[in-house]
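> Provided below are the primary sequence and the corresponding predicted coordinates.
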Amino acid sequence: MSRLLGAFCGFLLLLLGGHGTAHAADPVGEALDQVIAAARADAVGDCAAPNDRLVAILCTGRLRVGVRRDYPQFSMLGQDEAHGFEIEIARAIAKKLGVKVEFTGVTAANRIPLLAEGQIDLVIAAMGHTVERGRQIDFVRPHYFLSETIIVGRRDLPIAGWSDVVGRTVCVTVGNFTNTELIHRHARLLLFEDPVQLVDQLRFETCSLVAQDDSFFAAYFADPDFAQHYESKLHFSPLPWGIGVAHQGGEKLELALSLLSQIFHRDGVFLAMARENHVPTGFLEAQQKLWSTADCDQPDGWQRPGCLMEPPNNVLAPTSFADRVTAFENLIHDYSGIAISLPMLKTEDAFSLLRSGIVNSLILVVGALAATVAVAFVVGAMLSVRNVVLRGAVRALVILVQSSPIVLLLFLAFIITSSAVQYSALVALFASIVALGLYNGCYAGQAIAEAMATLRLETAGEPVHYGRAIRRSTTQIMAFLVNATKGSAIASMIGAPELLNTLTDITSFSSERATTYTVLLIFYSALVGAVVWLTNLARRAYERRGLAA
């Protein structure tokens, strides 16, 4: 803000020096012309390596704007044409600056990095202005739009309040800060890169619920067929949209666009563009009235609190060691050139989720191992009895389990458990332990029974100690214990709060995935290694005790 005030003071001095104090018919327009004129003057002798973004734009004669590729009514970017509300805003800005506009398709995850790296000059891409994002880039104010996040589902799906969202899968886009609200409401998140994918998954019934800005769904609800089958269930988190410019060298550009936005609101330019593209106009109508008032229609209107909307504060409390994590990331980058990001260690919310995920994963794995061993011993014993009826019934169960995908067993265990008690993360965890133990235990139990049958043949029908069969099948048992460990991550599909589920939640609002899922890979590799080591210790101890001759 201090840099912006400095730039404003500079252009105000030019204004006072060139035209007196005055009585200009349009002081905001005069101020804008002064900022652009000053930048043009700088461009005359500073085009070799300009440090200022506005000067660079005037030097190159092009304005590079990041927009969404497929955001109906707002931004549709094709190979040969581009249209939409935000496209028209970009063209109007370029026209005022007297330059050509070049569009670059961006996503929620890469739009800020591309701006910070200087690959684009502006972001006009359905980007909500939050306090956290305001630390990464500068937002032009006044804002050009306002949206809310809505949860959309089939009309016949009973969603009356937040309690009905608990435990349900909600499809969202990566990098949306409102995903944190869904996490706190105990929804299970499924991540997608582009909002159009949400609608596809909704129609394919991969997702029963999807969450996205109401602005995105405006075009879909205008379609009678879509509106007949789907409706908005809940809405939350009103969010102003802003044009984004880079911190570094963007002060004059931000000032020029702030003044231009005032004019576009006051003169109904934004409103006319919205109507032309069938965009909801309630917010823009109110803004036109506001920016036509004497208090706001001033060259410093962009800094008057009574004329502006404040961004929602979504800043998460940092961990006590966040600075050291950042220093470590920088150290890795400086020495190796590899950029890593560890968002799960930087905020209390994310770190709390990480801790819970690790603890729950350990509980899940230990429970699955115990269940596998218990089921294996019971199944092995039942398949080895002389009673044909009992042996046949257990064999039928084993064949049924072995013929079923583990995912189906997980969902079946979950449905049975949740029908008996109200859904919770612990219920999902218990169901996962049962399903993993049953699946792997049946295989291990069959191996024990086969070892028992072989020993009986070798001893010509003499009594065989059950421990010998267990000893002979220890390799197979170990294999299925390892399999239970590796398969534990799949429990995330029914909402078990293990590490994969937790890291997915963290990714949903941090946008970082590569390092996050590398951490997951390392965790499970270490877990499998630990299980192999412990089972080997147990086997050697078992052999030393001489429980099997």
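Cool, the structure landed.

> ok so residue 280 is a helix residue?
No. Counting by DSSP: H, G, I helix; E, B strand; the rest coil, residue 280 falls outside a helix, being coil.

> Please determine how far it is located from residue 274.
Using CB to CB, to the nearest Å, residue 280 is found at 7 Å from residue 274. For the C-beta atoms, the positions are set from N, CA and C on the backbone; glycine is no exception.

> do residue 329 as well
Distance from residue 329 to residue 274, by CB to CB: 41 Å.

> With residue 460 instead?
In terms of CB to CB, residue 460 sits 90 Å off from residue 274.

> Compare these two (neighbour count), which wins?
Taking neighbours as other CB atoms under 10 Å, residue 460 and residue 274 compare with residue 274 leading, 24 against 6.

> With just CA atoms, put the helix or strand containing the more buried one into PDB.
Following DSSP states H and E, one finds residue 274 within helix 269-276. The C-alpha coordinates for helix 269-276 follow below in PDB (Å, rounded to 0.1, in the frame of the first residue of the first chain):
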ATOM      1  CA  VAL A 269     -19.000   0.100 -18.700                       C
ATOM      2  CA  PHE A 270     -18.600  -3.000 -16.500                       C
ATOM      3  CA  LEU A 271     -22.400  -3.200 -16.300                       C
ATOM      4  CA  ALA A 272     -22.900  -3.100 -20.100                       C
ATOM      5  CA  MET A 273     -20.300  -5.800 -20.600                       C
ATOM      6  CA  ALA A 274     -22.000  -8.000 -18.000                       C
ATOM      7  CA  ARG A 275     -25.400  -7.600 -19.700                       C
ATOM      8  CA  GLU A 276     -23.900  -8.300 -23.100                       C
END
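
> For the helix or strand just after that helix, list every residue counted as buried.
Following helix 269-276 in sequence order, the next helix or strand is helix 282-291 (DSSP H and E). Along helix 282-291, these residues count as buried under the neighbour rule (16 or more other CB atoms under 10 Å): 283, 284, 287, 288, 290, 291.

> With respect to residue 44, which of the residues you listed is nearest?
Taking CB to CB as the measure, residue 44 lies nearest residue 291 of the buried residues of helix 282-291, at 33.1 Å.

> Pretty sure residue 307 is one of the things the closest one touches, is it not?
Yes. Counting by CB atoms under 8 Å, residue 307 is a contact partner of residue 291 at 7.2 Å.

> Mutual contacts of these two, please.
Common neighbours of residue 291 and residue 307 are listed as 142, 301 (criterion: CB atoms under 8 Å, 6 or more residues apart in numbering).

> OK, contacts around the residue nearest to residue 296 when sequence neighbours are not counted?
Distance criterion CB to CB, 6 or more residues apart in numbering; nearest residue to residue 296, sequence neighbours excluded, is residue 307 at 3.9 Å. The contact partners of residue 307, by CB under 8 Å, 6+ apart, come to 142, 290, 291, 295, 296, 301.

> how near is the residue lying closest to residue 421 once chain neighbours are set aside to residue 155?
Spatial nearest neighbour of residue 421, chain neighbours left out: residue 427 (5.9 Å); criterion: CB to CB, 6+ apart. Computed with CB to CB, the distance linking residue 427 and residue 155 is 28 Å.

> So between these two, which is more surrounded?
A count of neighbours by other CB under 10 Å puts residue 427 above the other of residue 427 and residue 155, at 19 against 10.

> So what are the structural domains in the protein, by residue number?
As recorded under automatic domain parsing, the domains making up the chain are 2-142+242-307, 146-240, 344-544.

> per-residue pLDDT, residue 7?
Residue 7 is assigned 50 on the pLDDT scale.

> Please renumber the chain so that the first residue is 46 from this point on.
In the new numbering, first residue 46, that becomes residue 52.

> and residue 453, how many residues sit next to it?
Neighbour number of residue 453 under other CB under 10 Å is 12.

> C-alpha coordinates for the stretch of helix or strand it belongs to, CSV please?
Secondary structure from DSSP H and E places residue 453 in helix 451-465. Taking C-alpha atoms only, helix 451-465 is exported to CSV below (Å, rounded to 0.1, in the frame of the first residue of the first chain):
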residue,chain,number,x,y,z
ILE,A,451,-11.2,-54.7,-2.4
VAL,A,452,-13.0,-51.4,-3.2
LEU,A,453,-16.3,-53.2,-3.2
LEU,A,454,-15.6,-54.8,0.1
LEU,A,455,-14.7,-51.4,1.5
PHE,A,456,-18.0,-49.9,0.5
LEU,A,457,-19.9,-52.9,1.7
ALA,A,458,-18.3,-52.8,5.1
PHE,A,459,-18.9,-49.0,5.2
ILE,A,460,-22.6,-49.4,4.3
ILE,A,461,-23.2,-52.1,6.9
THR,A,462,-21.4,-50.2,9.6
SER,A,463,-22.9,-46.8,8.9
SER,A,464,-26.4,-48.3,8.7
ALA,A,465,-25.9,-49.4,12.3
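
> what residues does the longest strand along the chain touch?
Looking across the chain with DSSP state E, the single longest strand is strand 275-286. Here strand 275-286 makes contact (CB under 8 Å, 6+ apart) with 171-175, 188-200, 202, 204, 206-207, 210, 223, 226, 247, 254, 258-259, 262, 265-266, 354, 356-357.

> Write the PyMOL selection for whichever of the residues you listed are buried.
To isolate the buried ones among the contacts of strand 275-286 in PyMOL, judged by 16+ other CB under 10 Å, type:
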select buried, resi 171+172+173+174+175+188+189+190+191+192+194+195+196+197+198+204+207+210+223+226+247+254+258+259+262+265+354+356+357
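
> need the contact list for residue 472.
Residue 472 touches 459, 462, 463, 466, counting by CB under 8 Å, 6+ apart.

> same deal with residue 243?
216, 217, 218, 237, 252, 255, 257.

> Leaving aside the residues adjacent along the chain, what's closest to it?
Distances taken as CB to CB, 6+ apart place residue 255 nearest to residue 243, at 4.2 Å, with adjacent residues excluded.

> The one you found should be in a helix, yeah?
No. Membership of residue 255 in a helix is not supported by three-state DSSP, which gives strand.

> Pull the number of nearby residues for it.
Residue 255: 27 neighbours (other CB under 10 Å).

> State the distance from it to residue 279.
12 Å.

> got any residues that touch both of these two?
Overlap of the contact sets of residue 255 and residue 279 (by CB under 8 Å, 6+ apart) consists of residue 196.

> So residue 140 belongs to a helix, correct?
Yes. Looking at residue 140 with three-state DSSP, it is inside a helix.

> quick revisit: neighbour-wise, which one of the contacts of residue 472 leads?
Neighbour counts for the contacts of residue 472 peak at residue 459, which has 24 neighbours (criterion: other CB under 10 Å).

> if we can go back for a sec, show me the contacts of strand 275-286 that map onto strands.
With strands taken from DSSP E, the overlap with those comprises 190, 191, 192, 193, 194, 195, 196, 197, 198, 199, 254, 258.

> any idea how far the last one lies from residue 171?
The spacing between residue 258 and residue 171, counted by CB to CB, is 6 Å.

> any shared contact partners between these two?
In contact with both residue 258 and residue 171: residue 192, using CB under 8 Å, 6+ apart.

> Count the residues that sit near residue 113.
As a burial measure, residue 113 scores 27 neighbours (other CB under 10 Å).

> repeat for the one 10 residues further on
Summarising burial for residue 123: neighbours were counted as other CB under 10 Å, giving 11.

> and it, what does it touch?
No contacts exist for residue 123 under CB under 8 Å, 6+ apart.
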